[in-house]
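Asks: please find the sequence and the predicted model below.
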Amino acid sequence: MANHKFRLAVLAPLGLCLAVAPAAAQAPATPAPVTPAPAYAAPTRAPPGQAQAVRLPQGALTGAVSDGAGWFLGIPYAPAPVGDRRWRPPGPPPGWTGSRDATRAGAPCAEQEDCLFLNVLRPAAARPGQRLPVMVWIHGGSFVAGTSLGGYGGDTDGHEFAREGVIVVSVNYRLGRAGYFAHPAISREGHLHSNYGALDQIAALKWVKANIAQFGGDPGNVTIFGESAGGLGVLLLMVSPEARGLFNKVIAESSFARSQTIPLAEAEASGVRLAEAAGVRGDDAAAAAALRALPLSALPLPPRGTREGRTYPIQDGRIFPTNVMTAFEGGQEAKVPLIIGGNSNEASLTRPTPAALDAMPVEKRDAILKVFDPTGTADRGQVINDFTTIQGVTEPDRAIVRLHSRNGAPAWTYYFSDVPAGQRARRAYGAAHTEELPFVFVSPTGVFAPSDLALAKAVNAYWAAFAKTGDPASAGGAAWPRWTAETEGQIEFASDGPQTRTHFLKAQRDLAESYARR
């Protein structure tokens, strides 16, 4: 996972695979044969261009202007979380002397612990005082992989948004054991603990509030957006008291909103077992120091899909007092405008087969077939993939917008179903997890046929309009209705372009919801 030059065909299992329904409801992960996609590598530096300077309280930056965007990469927003700083909240932004080269990205957190860097892309002509809208990107990768500038087939640096008048900040945050780990010896130190990756995201948002005006941004108009682990991450920030007031709008892509955080006691018990296996016993200051002296490789990650010892957000009582859905049910989320949605084959993460359908209790299996295949003619692989997608993402999306609207905040939902023509033979069950990313960022453009590029421009315009005005429909084009219980209106990003839908997939969502409530 340290190497981010993955092939797209093998990326689906690296998404938010641990956030779906319990293992008993899952199909065996039996990969189907696929044709490898072209190799993809995330950007690591700004394209060649004219030098451009920005001065911050930390020091001066020298970035580059290229093709309508100003690139400022690898900006440290907190000290390196190494040595005694491991498993502590991020410290204040470090300073430097002279002018710092901001044309190269910082190291990804999947590769090393010294990784707390962010990137700013702005319109080429932006200047302090312009108060441009700001979007802050939280990447996905199961809380163990990924990087701020791209991955899973899509560049996420934000240069297309910058050309449309929006500033994009993309953030590295601690991953794996460095990012999400609990142990009684650390919990007793008195600081915020366990969810260090989330604390990094919060520190980056504080950095944005303090510094984005120097780039021409409006610290009072900040949209956080993320996908997969990042999509769940932005929903968790909505319910975190520690993040309150640091953002103004939210976009959650493929967020698995019914996911459960790990109870602190369970996470600490797992941490104790890992520590003891590495030779560290006790729960005092000496044990904490011994843990920090270990290489992270001494605390290995479990096999994919294993609950014991997994790296995942922890219900620590302060950063995350409860789960996302519970908080929304109690009206405890930030009451800000929200877009939430997912893809038509989120089941690509687990690749369920008809055997999973056959293994279900007869009553449940027959109910699913009645709703998902009323004519009895559908491919059973399609049925189980559709059910798994709706159970994991599409129904929770509806539950979230229903609750958020009831709690007095505006909400919109989307469904991304387009599969580029060149991939349809490989994507028989629909748009796989992560495959909306190139459309959101309109990059890399080489993956698009002309019709796909038109859809990508539309998706990007809706996201930008939301960042600018708080209403995606202000982009024009197909109407994107605000959620109401009466119409259950939303938009589908389909192969024939954006389409307005009402009561979309209602019967399927209703059935999935009935199981969620049992």
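Replies: On my side now, so go ahead.
Asks: neighbours around the closest residue to residue 343 other than its chain neighbours, how many?
Replies: Sequence neighbours aside, residue 431 is the residue nearest to residue 343 in space, at 4.3 Å (criterion: C-beta to C-beta, 6 or more residues apart in numbering). Glycine gets a C-beta too; all of them are placed from N, C-alpha and C. Here the number of neighbours of residue 431 (other C-beta atoms under 10 Å) works out to 26.
Asks: where does residue 431 land on pLDDT?
Replies: pLDDT recorded at residue 431 is 96.
Asks: list the contacts of it.
Replies: Residue 431 sits next to 343-345, 416-419 when contact means C-beta atoms under 8 Å, 6 or more residues apart in numbering.
Asks: before we move on, what's the pLDDT of residue 111?
Replies: Looking at residue 111, its pLDDT is 95.
Asks: hang on, it in a strand?
Replies: No: counting by DSSP: H, G, I helix; E, B strand; the rest coil, residue 111 falls outside a strand, being coil.
Asks: tally of neighbours for it?
Replies: Quick note: residue 111 (other C-beta under 10 Å) scores 14 neighbours.
Asks: again, but for residue 265
Replies: Counted with other C-beta under 10 Å, the neighbours of residue 265 add up to 11.
Asks: can you tell me the element it falls in?
Replies: For residue 265, the host element (DSSP states H and E) is helix 264-277.
Asks: low-confidence regions, the stretch 301-450 of the chain specifically.
Replies: Counting by pLDDT under 70, not a single residue of the stretch 301-450 of the chain qualifies.
Asks: please enumerate the strands of the stretch 251-400 of the chain.
Replies: 262-263, 314-315, 338-343 (DSSP state E, counting those that start in this stretch).
Asks: reformat those as JSON lines; add distance to residue 172 and mean neighbour count.
Replies: Formatted as JSON lines, the strands of the stretch 251-400 of the chain follow (distance: least, C-beta to C-beta, whole Å; neighbours: other C-beta atoms under 10 Å):
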{"stretch": "strand 262-263", "distance to residue 172": "23", "mean neighbour count": "18"}
{"stretch": "strand 314-315", "distance to residue 172": "20", "mean neighbour count": "23"}
{"stretch": "strand 338-343", "distance to residue 172": "24", "mean neighbour count": "27"}
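Asks: the spatially closest residue to residue 70 that is not a sequence neighbour: what secondary structure?
Replies: Leaving aside its sequence neighbours, residue 70 sits nearest to residue 122 (C-beta to C-beta, 6+ apart; 4.7 Å). Per three-state DSSP, the secondary structure class of residue 122 is strand.
Asks: what angle do the longest helix seen in the chain and strand 338-343 make?
Replies: Longest helix of the chain, by residue count under DSSP state H: helix 450-469. Counting by axes from the mean of the first three to the mean of the last three C-alpha atoms, to 10 degrees, helix 450-469 lies at 160 degrees to strand 338-343.
Asks: what lines up beside the helix or strand following helix 450-469 in the sheet?
Replies: Using DSSP H and E, the helix or strand that follows helix 450-469 in sequence is strand 490-494. With DSSP bridges as the test, strand 490-494 is paired with strand 411-416 (parallel), strand 497-501 (antiparallel).
Asks: restrict the first one to CA atoms and write it as CSV.
Replies: Written as CSV, here are the backbone C-alpha positions of strand 411-416 (Å, rounded to 0.1, in the frame of the first residue of the first chain):
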residue,chain,number,x,y,z
ALA,A,411,-29.6,18.6,1.7
TRP,A,412,-29.2,17.1,-1.7
THR,A,413,-28.4,13.6,-2.9
TYR,A,414,-27.0,12.1,-6.1
TYR,A,415,-26.5,8.7,-7.7
PHE,A,416,-23.6,8.3,-10.1
